[in-house]
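Trainee: coordinates only, no sequence provided:
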């Protein structure tokens, strides 16, 4: 076998192995179309959150609980809509505007996930004071039920939120 033919065989095997590995890794996507956006990128070393991306199997597992949680808000008289998740898309631009108005936000790297009127703040901030200001700003938006501040100060250490690509 010539060197060129041997090299071609090696490259073909490598390509097949890469394709098989990609096929083995389940594809994740935002099945429920939950709002997920970045409001700042001032700390480039900050690990990007995984966001609301799920495999098809995870989606199936979440479907029932999402229906239950979305309806329980209405049954408890806490929502005028029978599905709490329908508030999320209209809330997203309001939450974005409120967070972008916080002084110092450009010095952070923060992502937002909104699910059933809950706002998850994930990423890195330069100070605990800025984290508190962001949390207060999100809480002040009408129709926000809960704010989960999952922010770390600085970029050192392991994030407490699920990280993309893991």
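Mentor: Arrived safely, thanks for sending. Being a predicted model, the structure only gives us computed values, none of them experimental.

Trainee: which stretches of the chain form strands?
Mentor: Under the criterion DSSP state E, the chain contains strands at 36-41, 109-115, 118-125, 146-153.

Trainee: now do the first one against strand 109-115, angle only.
Mentor: Relative orientation of strand 36-41 versus strand 109-115 (axes from the mean of the first three to the mean of the last three CA atoms, to 10 degrees): 160 degrees.

Trainee: the last one now?
Mentor: Taking the same axes, to 10 degrees, one finds strand 146-153 and strand 109-115 inclined to each other by 160 degrees.

Trainee: residue ranges of the helices in the protein, please?
Mentor: 3-24, 56-75, 88-100, 128-139 (DSSP state H).

Trainee: which of the helices and strands in the protein ranks last by mean pLDDT?
Mentor: When the helices and strands of the chain are scored by mean pLDDT, DSSP states H and E, helix 3-24 comes last with a mean of 46.

Trainee: neighbours of residue 52, how many?
Mentor: Residue neighbour count, defined by other CB atoms under 10 Å, stands at 20 for residue 52. Glycine gets a C-beta too; all of them are placed from N, C-alpha and C.

Trainee: in this protein, where is pLDDT below threshold?
Mentor: 1-24, 166 (pLDDT under 70).

Trainee: what residues are up against the spatially most central residue of it?
Mentor: In the chain, the residue lying closest to the centroid (CA atoms, centre = their mean) is residue 51, at 1.9 Å. Residue 51 sits next to 30, 36, 111, 113, 164 when contact means CB atoms under 8 Å, 6 or more residues apart in numbering.
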